[in-house]
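A.B. asks: Sequence below, structure please.
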Amino acid sequence: RHSFVGNQPCWLCGAKPLASCSMSRPIRRSVSGPVGVLQSFGGHDDWVSAVCWRLNAVVSAGCDGLVRTMKDPLDLAQAKATTVASLDGEQILTLDVSPDWALLCIGTSAGTITLLDAESGRPACESVEVPTLVRCLRVDPKGQYLAAAVGKDVLLWTFVPVLQAHSQPLQGHAEAVNSVGWSPDGKTIASGGDDCSVKLWNVSSMACTHTLKHHTDAVAVVVWDPAAKFLASASRDMTVAVLGAGDLTLLHRLTGYSDWVTALAFTPSGNVLATGAFQNDCSIKLWEMEKGELLSDQDGHDGGVVSLAWDSTGRVLASGSCDSSVKLWLIDSFEPQQPTLHEDSIRAVAWSSNGDRLASGGDDNIIRVWEGTTGKLLQSITTHSDWITALCFCPLDAQALASASGDHTVCVHSVSTGQLLWKVVHDDWVQSVAWSHDSTRLASATFENDRHVRVFDAETGQLLLLFEAHTDRINCVAWSVGDEYLATASDDRALSMWEATAGTLVKTFSGEWTSRVVCCAWSQHKGTLLLAAAVGSMVYVFDVSDDGSKKCLRTLGGHADNVLCVAFAPDGAQSLLSTSADRTVRVYNLTDARAQPTGFQLDSAVHWAAWHREQGVSLGCASGRLVQLGIVSAGPTGKKPLKWQKSFRWDKNGTGVSAGGGKGGGKGGAGGGKSSRPLTAVGEEPRRSNSGVCSLL
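C.D. replies: Residues are numbered from 1 along each chain as shown. Reported below is the predicted structural model:
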């Protein structure tokens, strides 16, 4: 199923933000975070159980008993990992570095705690043996104490010049302790265990001051943020609890994992939390802490992510995994990504005309209505019994929402209450739905077992018009600018124009087409009514004015693969944009037949695009499972070359705010330069882009 067929992404009236949908389930308004693996290195033969930073080096330890370090890891040409120490026959489970960078502290499955000279890898003092395996150890911020999770207890040592027991064990957990963490001031220890609790211990009195119960399964990791604002715990219940470090109130519960959350790491500022998950998930997620919003979700490893660590700048994240690798991620910038509660692929989104509401629907049969600026969920509508194929707000006041579904129905709901206003049943899947510009009528188009176009009274749902339009499924139905006509595009390789009141056929455009018609679009300029269609790798433009002969004015080529979308510019009939599976965007000057199209090429098929009334072309391109967006500059008549201008986000008032430009950010970077290349002349072999796709709006 192709989500771009008959379901064009929807722009706000006045060219405000664009919402996009993906079969990977999220609705994405903006995204950034890791732009790719900056560096990856192996050398371990088993799980990489721990990673940490030491000055400008990454140190890793694994269940193979090796401690390895990579100096200058950001120097991609010179960086090389070397083995610092090898503990034959022992599995290293945990690793930390002293605040002065001089010592590496190691805990093993054999119950051994060892201090190593960080430069030479030689033992710095005699090892300490404990009764059972060391699950976690951490050095306090001042470098005076070492805390370790051993069995059901938390053990403390002073380690200058040698490890010496500091006090009696901190006892209170009913089951094994999995993690310990120091508060930034060094006065409190947090511990999390298999008894589903997090305990806080006063270092001076050695007393438990708080027992926190925010999980329903074992607590795997507990960590404070360096700025002393948050305390986070991760659990086998597949959630992360984030508490305020002062009053210990629950601020956020982070969800969306499919296995244990096994790693946590705050940036130095404490504003962003990175999380890693175990084998059935393997994701690295970044969360913004002020609102608990998801920033990025990356699949970076072939095994569970068991350790994470940020560098001192908060721009490079190191991850250690069960796949025996260590990877470095370069973080470009942080922009919020709105998660959804959909449980399956999203197939349709729609903006209200004023931008106050965003609707989404998909394979979970649910329509959800969101507040357009904050992403707050307002309504969950469960009327349909099959997947949602199309959504459309009433253009007049956005108080009604029309939906089409695989359950053979079109429904209209109240946006404010979610109440069903009316429903009509068709004889097959409803593929497309479109509201007339004056908001009085609603048109629908259906799949191959029906192949009819229906027009309804938008207020009552009364059927006004029914006619069989094609001999195969209808991909798109669209109203003309003045609502006098309907156009339909079909798999039967025909584009048809219909009188919208009587349903009489005005004209069928097909010629000798050998490909299906995917999309159609209308335009009107100085009395000339134009209709464009995407057919195979070509775009056809017809003059359909009342005094015209309904003839083909232009045949526009240059694409090397199927055209997926066509859109007329806001200036009327002067220029036309097309996007294609050949990864190109082209703009044709319709007033000068000799003019060559301008455009550029991206790294993936461009499924659709829309004109921005003030800033040129707002385009969307599909990359993997994501739809990504940006702004390019172009003259309204297509005479100026298209160039990648900038990517931008929208503030709460709908105003464009620049978030990148110039040369961009390299692979997957935000903005121009290497993100795209201008097209060669028509007929020449298009040049591949040498880097990633555009950033998401």
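A.B. asks: For the stretch 101-250 of the chain, give me the ranges with low pLDDT.
C.D. replies: 160-161 (pLDDT under 70).
A.B. asks: tell me the contacts of the closest residue to residue 109 other than its chain neighbours?
C.D. replies: Spatial nearest neighbour of residue 109, chain neighbours left out: residue 91 (4.0 Å); criterion: Cβ to Cβ, 6 or more residues apart in numbering. Bear in mind the C-beta positions are built from the backbone N, C-alpha and C, glycine included. Shown in contact with residue 91 (Cβ atoms under 8 Å, 6 or more residues apart in numbering): 46, 49, 63-65, 108-110.
A.B. asks: Relative to residue 132, how far out is residue 432?
C.D. replies: Distance of residue 432 to residue 132, computed by Cβ to Cβ, to the nearest Å: 64 Å.
A.B. asks: Same check on residue 474?
C.D. replies: Counting by Cβ to Cβ - residue 474 and residue 132 are separated by 68 Å.
A.B. asks: can you check residue 299 too?
C.D. replies: Distance, residue 299 to residue 132, by Cβ to Cβ: 34 Å.
A.B. asks: So for these two, which residue has more residues nearby?
C.D. replies: Taking neighbours as other Cβ atoms under 10 Å, residue 299 and residue 132 compare with residue 132 leading, 13 against 10.
A.B. asks: what kind of secondary structure is that one in?
C.D. replies: Residue 132 falls in the coil class when you classify it by DSSP: H, G, I helix; E, B strand; the rest coil.
A.B. asks: contacting residues around the closest residue to it other than its chain neighbours?
C.D. replies: Ranked by Cβ to Cβ, 6+ apart and with sequence neighbours excluded, the top spatial neighbour of residue 132 is residue 151, at 4.9 Å. By Cβ under 8 Å, 6+ apart, the residues touching residue 151 are 131-132, 176-177.
A.B. asks: Can you tell me which of the residues you listed lies closest to residue 57?
C.D. replies: residue 177 (29.6 Å; Cβ to Cβ).
A.B. asks: That closest one pairs with what?
C.D. replies: As for beta bridges, residue 177 partners with residue 193 under DSSP bridges.
A.B. asks: from memory it sits against residue 150, does it?
C.D. replies: Yes. Using Cβ atoms under 8 Å, residue 177 makes contact with residue 150 at a distance of 7.4 Å.
A.B. asks: Comparing these two, which residue is more hemmed in?
C.D. replies: In this view residue 177 and residue 150 are compared by other Cβ under 10 Å, and residue 177 has more residues nearby, 27 against 23.
A.B. asks: separation between the nearest residue to residue 440 once chain neighbours are set aside and residue 420?
C.D. replies: Excluding the flanking residues, the one nearest residue 440 by Cβ to Cβ, 6+ apart is residue 458, at 5.6 Å. Using Cβ to Cβ, residue 458 is found at 15 Å from residue 420.
A.B. asks: Give me the more crowded residue out of the two.
C.D. replies: Neighbour comparison, residue 458 and residue 420: the larger count goes to residue 458, with 24 against 12 (by other Cβ under 10 Å).
A.B. asks: Return the residues in contact with that one.
C.D. replies: With contacts defined as Cβ under 8 Å, 6+ apart, the neighbours of residue 458 are 394, 400, 402, 412, 435-436, 439-442.
A.B. asks: tell me the mean pLDDT for stretch 457-476?
C.D. replies: Taken as a whole, stretch 457-476 has an average pLDDT of 91.
A.B. asks: What are the buried residues along that stretch?
C.D. replies: Residues 458, 464-465, 469-470, 473-476 are the ones in stretch 457-476 that count as buried (16 or more other Cβ atoms under 10 Å).
A.B. asks: Please save the CA atoms from it in PDB.
C.D. replies: Only the C-alpha atoms of stretch 457-476 are listed here, as PDB (Å, rounded to 0.1, in the frame of the first residue of the first chain):
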ATOM      1  CA  ASP A 457     -24.500  17.300   1.100                       C
ATOM      2  CA  ALA A 458     -21.800  18.200   3.600                       C
ATOM      3  CA  GLU A 459     -24.300  19.200   6.400                       C
ATOM      4  CA  THR A 460     -26.700  16.200   6.200                       C
ATOM      5  CA  GLY A 461     -24.800  13.500   4.400                       C
ATOM      6  CA  GLN A 462     -27.600  13.200   1.800                       C
ATOM      7  CA  LEU A 463     -26.400  11.700  -1.400                       C
ATOM      8  CA  LEU A 464     -26.600  14.300  -4.100                       C
ATOM      9  CA  LEU A 465     -24.800  12.600  -6.900                       C
ATOM     10  CA  LEU A 466     -23.500   9.100  -7.800                       C
ATOM     11  CA  PHE A 467     -21.700   8.100 -11.000                       C
ATOM     12  CA  GLU A 468     -19.400   5.400 -12.100                       C
ATOM     13  CA  ALA A 469     -16.200   7.100 -13.100                       C
ATOM     14  CA  HIS A 470     -13.600   4.500 -14.100                       C
ATOM     15  CA  THR A 471     -13.000   0.800 -14.800                       C
ATOM     16  CA  ASP A 472     -10.300   0.500 -12.100                       C
ATOM     17  CA  ARG A 473      -9.700   2.000  -8.700                       C
ATOM     18  CA  ILE A 474      -9.700   5.800  -8.300                       C
ATOM     19  CA  ASN A 475      -6.600   7.200  -6.800                       C
ATOM     20  CA  CYS A 476      -7.600  10.800  -6.500                       C
END
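A.B. asks: and residue 483, how many neighbours does it have?
C.D. replies: 17.
A.B. asks: Numbering from 141 from now on, please.
C.D. replies: Understood, numbering begins at 141; the last thing we discussed is residue 623.
A.B. asks: so how far is residue 592 from it?
C.D. replies: Distance of residue 623 to residue 592, computed by Cβ to Cβ: 20 Å.
A.B. asks: Could you do residue 223 as well?
C.D. replies: Using Cβ to Cβ, residue 223 is found at 71 Å from residue 592.
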